[in-house]
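1. this is a predicted model, with the sequence first.
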Amino acid sequence: MTDPRLIKKYPNRRLYDTEESRYITLVDVQRLVREGTDIKVVDSQSGDDITRGILIQIITEQEAGGNPLFTTDMLTRFIRFYDESLQDAFSSFLDQSLKLYSEQQAQMQAQLDQLVPGDALQNWTDLTERNMELWREMQDSFFQAAALPGISRPAQARRKK
């Protein structure tokens, strides 16, 4: 297992990616996490690991955006589970549930890759475009048989009839 990518947070609230030797934003950190990069954020002065705080900040900003993942009821329940007697069990349950979900997603993707080799999204896009073209041709044939101009012909061709 490789070491996590080290990011330092400076007192001016800026984040510094030590691997790329440049300042980055929370959006960059979010991108790294989504790409599967393990990160570790440390306070540049104290050396304290502040990764959790940065990740919570990213989640908070995501939740404040247009399409939140957590409902108010869910967040209320989370807060109620911070009772010490329930916290460990709830944390373990959430962790296991997310791991299981991730594993199932990976299995579904692997099965889809077996069924549709290559770039699945591009294959579906190509199939959709072919289906749309076939639909246009069928419409044109129908309109020609009914002596009506087809909708997929250029406007000038429809006006000539």
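-> Yep, that arrived.
2. excluding chain neighbours, what is closest to Tyr16?
-> In space, and not counting its chain neighbours, Tyr16 is closest to Lys8: 4.6 Å by Cβ to Cβ, 6 or more residues apart in numbering. Placement of C-beta: from N, CA and C, glycine included.
3. that neighbour in helix, strand or coil?
-> Assigned with DSSP: H, G, I helix; E, B strand; the rest coil, Lys8 falls in the strand class.
4. who does it form a beta bridge with?
-> Taking DSSP bridges as the rule, Lys8 bridges to Tyr16, Val42.
5. tell me the pLDDT of it.
-> At Lys8, the model reports a pLDDT of 97.
6. which pLDDT value does the model give the residue positioned nearest the centre of the chain?
-> Nearest to the mean C-alpha position of the chain, by Cα atoms, centre = their mean, lies Arg34 at 7.0 Å. According to the prediction, Arg34 has pLDDT 93.
7. backbone dihedrals for it, please?
-> Main-chain dihedrals, Arg34, degrees, to the nearest 10: phi -60, psi -30.
8. returning to that earlier point: ok, how many other residues are close to the residue nearest to Tyr16?
-> Lys8: 18 surrounding residues under other Cβ atoms under 10 Å.
9. who's in contact with it?
-> Leu15, Tyr16, Thr18, Val41, Val42, Asp43, Ser44 (Cβ atoms under 8 Å, 6 or more residues apart in numbering).
10. buried subset of those residues?
-> Leu15, Tyr16, Val41, Val42 (16 or more other Cβ atoms under 10 Å).
11. can you redo the residues you listed as a markdown table with pLDDT?
-> Shown next, in a markdown table, are those (pLDDT from 0 to 100):
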| residue | pLDDT |
| --- | --- |
| Leu15 | 96 |
| Tyr16 | 96 |
| Val41 | 97 |
| Val42 | 97 |
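12. nearest to Glu137 among these?
-> Leu15 (54.3 Å; Cβ to Cβ).
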